[in-house]
Structures are given as structure tokens and as C-alpha cells.
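Novice: Below is the sequence, then the predicted model.
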Amino acid sequence: MRPLIGKRCRGAALSVFWLWLTAGPAMAADAAVLPSPAIRQLLLDIAPAGSRLVAVGERGRILLSTDEGKNWSQATAPGQATLTAVYFHDDRHGWAVGHDAVILRTEDGGRTWALVHQAPEERKPLLDVWFENPRHGFAIGAYGLALETRDGGRQWRRRTLLPQDMHLNAIVGGPGGRIYIAGEAGTLLRSDDAGRRWRELSSPYPGSFFGVLQLPDGNPLIFGLRGKAFRSPDSGRRWLPVATHGETTLQGGAVLDDGSVVLVGNDGQLLISVDGGRQFTPRRNGPRQAFAAVAASGGAFVLVGERGVAAVPRAESGAR
């Protein structure tokens with residue numbers, strides 16, 4: 001059975017996020033500064049933009065924090081389509097994608113956003129976005145939807161990356177033009193030339209992957225349903241299983257500036273690796289909620305998910 005659609009990591013069957021995403025529309029709250037405990041809305045992704053954190057989620061909300069996630073203000077953004085992913089190429093140029101194939105662009109670090117694409121009639125949400133530079137990038141999503149721009153988002157060209165219509169859940173790129181995509185039912189793709197050509201990789205697991213990260217050594221780490229995670233020592237030719245201490249679905253992750261790797265998921269799962277993704281240590285006794293994504297800011301991990309924002313001190317997590 002095809003899994004339901006949530007976020008980048010974004011779609012586990014029975015995921016709590018699907019229950020939120022299928023809720024009826026509601027009016028957006030007035031712009032205001034809110035402390036983290038006051039945020040009780042579904043947030044599906046978070047990304048750093050210089051010293052600022054930017055989080056996105058249900059009903060088109062985009063929230064900004066300049067104090068390591070303690071307080072948040074609401075950005076000026078068009079529409080109320082749920083946003084599933086946010087990505088910043090640098091501290092000013094950013095992108096958010098979501099339902100109705102919405103793509104938003106910011107050029108001022110997330111303060112204001114412009115709508116550059118939408119296709120509500122197709123009923124295909126976008127689930128992740130990645131940019132090689134401020135002009136060239138990809139947005140990917142449900143039923144094989146893949147869009148590419150080479151002019152900073154003014155025009156988007158549809159790409160067919162697979163003959164099947166598998167959900168494409170996550171995309172990551174790095175130096176040398178190499179890009180990875182992870183998706184439904186073990187779907188794994190790699191491009192070695194900045195997305196001009198794509199090849200399907202052999203998968204170590206037939207279930208869905210909801211996240212892919214580029215590790216400090218340049219190789220990929222994939223993760224998803226039932227706590228499955230694998231890292232490759234050779235650009236996706238082989239996959240080595242990674243112990244995640246359970247079968248809790250993993251929804252999101254990040255590679256930090258110091259080389260630490262963090263994974264988050266359902267039931268408050270928070271895993272930390274300080275050896276390049278080879279071994280993970282669970283952070284116990286954290287908030288018991290489903291987390292969709294994580295970013296590091298100052299001395300804390302800032303997590304977003306079903307109940308908004310939670311901060312976990314890095315010193316208590318076992319990370320450096």
C-alpha cells in the first residue's frame with residue numbers, strides 16, 4: 001500500500017502528520033511574536049538562514065526566530081497551502097514548497113516571500129526542495145512530481161526521473177554536482193552531473209525512505225520507515241545498515257557544522273552521531289511527540305513537529 005503523504009520524511013503510513021494535513025482550512029493567525037511554548041501548530045520543516053531559523057508548516061505558516069528558537073515571529077507569505085519543506089542556499093536566498101505544488105521564494109532571509117509556482121488542479125504536493133545555487137534547483141514530490149528551474153524560479157520545467165510514479169520524498173546535493181533522491185518503496189536516485197541525468201540505485205530496503213543526508217565524508221545516509229537507516233561508503237553502490245535502537249519511523253535529520261549527525265522521528269525519537277553517521281546514540285527522556293525536522297542553533301537542537309517547536313540542549317543530548 002502506498003504510504004500517506006506528510007513531509008520530507010514526510011509520509012509514513014499512519015503518520016500523525018497525515019491526520020493534520022487532511023484537516024480542514026483555518027484562518028491564519030495575526031502576525032505576532034510568540035514564545036516557543038505558545039506555538040501549538042504543525043510544523044514540518046526548519047532550516048537555518050544565517051543566524052536566523054525559519055520553520056514552515058500547516059496553513060502556509062512561516063515562522064522566524066533570531067534567538068535560537070526561544071521566540072518566533074510570523075513572516076509575510078502568500079496563501080494558506082500547507083508547506084512541507086524549506087531550504088536556504090545562503091543567508092538570504094530561500095525556498096519553501098508544499099501542497100498545491102506551491103513554491104515560494106525569499107531574497108531577504110525569510111522576512112518576505114513571493115509565490116513563483118502553483119498547480120492546485122494537479123493535486124500533487126511538493127515534499128522537498130534543494131538548490132545548487134540561487135538560480136538552479138529542484139522541487140520534488142508526490143507521484144513522481146519533479147520540477148527544475150535554471151533561472152531562479154521564474155520558470156519551472158517538469159522532469160521525469162522514473163518511469164513509475166513513486167513519491168519522491170527527499171533530495172540532497174553537494175560538491176561536484178552529485179545529487180541524491182530518496183522516496184517511496186525503496187526508491188533511490190543519483191545524479192552525477194547536477195541533475196541532467198539520473199540513475200536508479202539498488203535499494204537495501206523495500207520500504208519507504210523519508211530522508212537522505214550527505215555525510216561529512218560526502219557519502220549518503222538514508223532513513224525512513226520502521227527506523228531503518230543505511231549509509232553508503234561508495235556513493236550508493238553499497239549500503240551498510242545503521243543501528244537506530246528501535247523501529248520508530250525516522251522523519252528528518254541534519255548534518256551539523258561540527259560533523260555531528262542528528263535524526264528525529266515519531267514518539268520523540270532523537271538520535272545523535274559523532275562519528276559521521278556510523279553509530280547513533282538515542283537521547284532519552286525528550287518530549288514525547290512526533291518530530292519532523294531538526295536544526296542546531298547555539299547550544300540547542302531546535303525540533304519541529306506535531307506540537308510546534310521543542311528545544312533540547314546539546315550538552316544533554318550527548319553531541320559535541
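Specialist: Happy to help now that I have it.
Novice: and Pro313, how many neighbours does it have?
Specialist: When counting by other C-beta atoms under 10 Å, one arrives at 11 neighbours for Pro313. All C-beta spots, glycine's among them, are computed from the backbone N, C-alpha and C.
Novice: Same check on Asp128?
Specialist: Neighbours of Asp128 using other C-beta under 10 Å come to 29.
Novice: Bridged to it, which residues?
Specialist: Applying DSSP bridges to Asp128 gives these bridge partners: Ile140.
Novice: contacting residues for it?
Specialist: With contact set as C-beta atoms under 8 Å, 6 or more residues apart in numbering, Asp128 has these partners: 8, 10, 84-85, 87, 97, 139-141, 168-171.
Novice: how far does the helix or strand hosting Val312 sit from the chain's center?
Specialist: Using DSSP states H and E, the secondary-structure element containing Val312 is strand 308-313. Chain-centre distance of strand 308-313: 17 Å, with C-alpha atoms, centre = their mean, to the nearest Å.
Novice: Ok, stretch 110-118 next?
Specialist: For stretch 110-118, the distance to the chain centre is 18 Å (C-alpha atoms, centre = their mean).
Novice: same deal with stretch 156-171?
Specialist: The answer for stretch 156-171 is 16 Å, by C-alpha atoms, centre = their mean.
Novice: Export that stretch to CSV, keeping only CA atoms.
Specialist: Once non-C-alpha atoms are left out, stretch 156-171 reads as follows in CSV (Å, rounded to 0.1, in the frame of the first residue of the first chain):
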residue,chain,number,x,y,z
TRP,A,156,9.9,25.6,-13.9
ARG,A,157,10.4,22.7,-16.2
ARG,A,158,8.8,19.3,-15.4
ARG,A,159,11.3,16.4,-15.3
THR,A,160,10.6,12.6,-15.5
LEU,A,161,13.1,10.9,-13.2
LEU,A,162,11.5,7.5,-13.1
PRO,A,163,9.1,5.5,-15.3
GLN,A,164,7.0,4.8,-12.2
ASP,A,165,5.0,7.4,-10.3
MET,A,166,6.7,6.8,-6.9
HIS,A,167,6.6,9.6,-4.3
LEU,A,168,9.9,11.4,-4.2
ASN,A,169,10.3,12.4,-0.5
ALA,A,170,13.8,13.9,-0.1
ILE,A,171,16.6,15.5,-2.0
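Novice: one step back: let's see which of the contacts of Asp128 end up in helices.
Specialist: Assignment to helices by DSSP state H places none of the contacts of Asp128 there.
Novice: From these, which land in strands?
Specialist: 84-85, 87, 97, 139-141, 168-171 (DSSP state E).
Novice: Ser202 belongs to a strand?
Specialist: No: read with DSSP: H, G, I helix; E, B strand; the rest coil, Ser202 is coil and lies in no strand.
Novice: How much space separates it from Gly224?
Specialist: 16 Å (C-beta to C-beta, to the nearest Å).
Novice: neighbour-wise, which of those two wins?
Specialist: Gly224 (29 against 10).
Novice: Reformat the ones in strands among the contacts of Asp128 as CSV; add distance to Ile272, neighbour count and pLDDT.
Specialist: Shown next, in CSV, are those (distance: C-beta to C-beta, whole Å; neighbours: other C-beta atoms under 10 Å; pLDDT from 0 to 100):
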residue, distance to Ile272, neighbour count, pLDDT
Thr84, 25, 32, 98
Ala85, 23, 32, 98
Tyr87, 23, 22, 98
Val97, 28, 27, 98
Ala139, 30, 29, 98
Ile140, 28, 28, 98
Gly141, 29, 27, 98
Leu168, 28, 26, 98
Asn169, 23, 32, 98
Ala170, 20, 27, 98
Ile171, 24, 26, 98
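Novice: worst-scoring helix or strand of the chain, pLDDT-wise?
Specialist: Least confident helix or strand, the chain: helix 16-21 with a mean of 40, by mean pLDDT, DSSP states H and E.
Novice: what comes up buried for stretch 141-152?
Specialist: Buried residues in stretch 141-152, defined by neighbour count with 16 or more other C-beta atoms under 10 Å: 141-149, 152.
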